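Asks: Sequence below, structure please.
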Amino acid sequence: MPSKREKGIWLDFPAGWAVVKYDGDSHDDNAGFYRACIEHRVQHVRGVDVVSLDRARNRLLLIEVKDFRISSSTADKQANKLRQTIIQKALNTVSGLYSAARAGDEELRPVVERIFRPELIIEVVLLLEQPPLTTAPTTTAAKFRIQNPKTGIQDLQIKLPSVFAALGFDFHLRSSTTMQTQDGWRVRLH
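Replies: Prediction:
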């Protein structure tokens, strides 16, 4: 079972899935092409954290992990920035994977083997972990965020699917508690 760790969160994939840590910091993370040919040569290019190819269902997953469990900021406060970040990273990653396939990069070959096929399903997944709500909100702003049905997170859930659909991608907002059986992979928090 291939597993990748990102920001203290483990992503576990079924046997047979190709998985790379696309923007990793070490050679073991399969980030050689991204670091050598893209990141250090092209300004303002960013990549998602993990790329996985589910061969059985012909889908390529671009997974970005954001962990706000111990952050001083909140996902709600960062929603606008997060929306732009995930769009930029997804598009930059697809461009990088396409380039890696054309260049014949061996490290990324397992996840780019179907990149030229129009029937390949591309799914962008924002794995967003937030602190559990352990106490009742004490500030008016905190109460409003909980009561208001139009929070930043809900804004992401509404706007990102249509942005990505226009690009031919599917979008899923997930957390360790909202993973679904049809996702096919698991999340472990440590």
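Asks: Quick check: residue 129 touching residue 174?
Replies: No. Judged on CB atoms under 8 Å, residue 129 makes no contact with residue 174 at a distance of 9.6 Å. Backbone N, C-alpha and C define where each C-beta goes, glycine included.
Asks: More neighbours: which of these two?
Replies: residue 129 (22 against 17; other CB atoms under 10 Å).
Asks: wait, what's in contact with the residue nearest to that one when sequence neighbours are not counted?
Replies: Ranked by CB to CB, 6 or more residues apart in numbering and with sequence neighbours excluded, the top spatial neighbour of residue 129 is residue 67, at 4.7 Å. Neighbour list for residue 67: 7, 8, 9, 129 [criterion: CB atoms under 8 Å, 6 or more residues apart in numbering].
Asks: Among those, which lie within strands?
Replies: Mapping the contacts of residue 67 onto strands (DSSP state E) picks out 9, 129.
Asks: Columns distance to residue 108 on top of the contacts of residue 67, output as CSV?
Replies: Shown next, in CSV, are the contacts of residue 67 (distance: CB to CB, whole Å):
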residue, distance to residue 108
7, 22
8, 25
9, 22
129, 27
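Asks: Top of the contacts of residue 67 by number of neighbours, please.
Replies: Most surrounded of those: other CB under 10 Å gives residue 129, at 22 neighbours.
Asks: Which parts of stretch 91-109 count as buried, going by neighbours?
Replies: 91, 92, 93, 94, 96, 97, 99, 100, 101, 105, 107, 108 (16 or more other CB atoms under 10 Å).
Asks: Find the helix or strand that the fourth one is a member of.
Replies: Under DSSP states H and E, the secondary-structure element containing residue 94 is helix 79-103.
Asks: Provide the contact partners of that helix at residue level.
Replies: Contact with helix 79-103 is made by 22, 33-34, 37-38, 45-48, 51, 60, 62, 64, 66, 75, 108-109, 111-113, 115-116, 122, 124, 126, 128, 151-153, 155-156, 159-160, 163-164, 167, 169, as judged by CB under 8 Å, 6+ apart.
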